[in-house]
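**Student:** Curious how this folds, go ahead:
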Amino acid sequence: MSSVFDRLRDGRRWWTAELVLRFAGVGLLAAFWHCALTAYRWISAPPPHRVTPAEFGICAVVFVLLTTGLALGIEGPSLFRLVPIPKHSAFIRSGDFG
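**Tutor:** Okay, here's the model as predicted:
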């Protein structure tokens, strides 16, 4: 499994990963659509009421499915690519931490 993540981190082109991750993104967007319709039915049902924990939870699931589905669908395996950080970056300085 480590070799798979090494290949993704290096940013090398790999068609299997492209297909699997992009189809996973499309699948997540399909799940998002069904959850969003469910949330709409629950929330718009009369009579007007306060938000229940179940309604809040389904909306949180809708948000997570939408963001992960779009990220995987747009970026695919390049989502896991390592990004080099310059040596003069503020995140690297050791003198700032103590």
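
**Student:** alpha carbons only for contacts and neighbour counts from here, please
**Tutor:** Noted.

**Student:** In contact with the residue most central in space within the chain, which residues are there?
**Tutor:** Geometric centre of the chain, nearest residue: residue 68, 2.1 Å, by Cα atoms, centre = their mean. With contacts defined as Cα atoms under 8 Å, 6 or more residues apart in numbering, the neighbours of residue 68 are 25, 28.

**Student:** Please spell out which residues along stretch 25-45 are buried.
**Tutor:** Across stretch 25-45, burial judged by 16 or more other Cα atoms under 10 Å covers 25, 26, 28, 29, 31, 32, 35, 36, 39, 43.

**Student:** what helix or strand is the residue nearest to the centre of the chain on?
**Tutor:** If you go by DSSP states H and E, residue 68 is part of helix 53-75.

**Student:** Which of the residues in that helix are classified as buried?
**Tutor:** Within helix 53-75, the residues that count as buried by 16+ other Cα under 10 Å are 55, 58-59, 61-62, 65-66, 68-73.

**Student:** Pipe these into TSV and attach distance to residue 18 and pLDDT per row.
**Tutor:** Supplementary listing: the buried residues of helix 53-75 in TSV, determined by distance: Cα to Cα, whole Å; pLDDT from 0 to 100:
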residue	distance to residue 18	pLDDT
55	34	90
58	29	94
59	29	94
61	25	96
62	24	96
65	19	95
66	19	95
68	15	94
69	14	94
70	14	94
71	13	93
72	9	91
73	9	91
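
**Student:** how much space is there between the nearest residue to residue 42 once chain neighbours are set aside and residue 29?
**Tutor:** What sits nearest to residue 42 in space, not counting adjacent residues and going by Cα to Cα, 6 or more residues apart in numbering, is residue 55, at 7.0 Å. Noted for residue 55: a distance of 19 Å to residue 29, by Cα to Cα, to the nearest Å.
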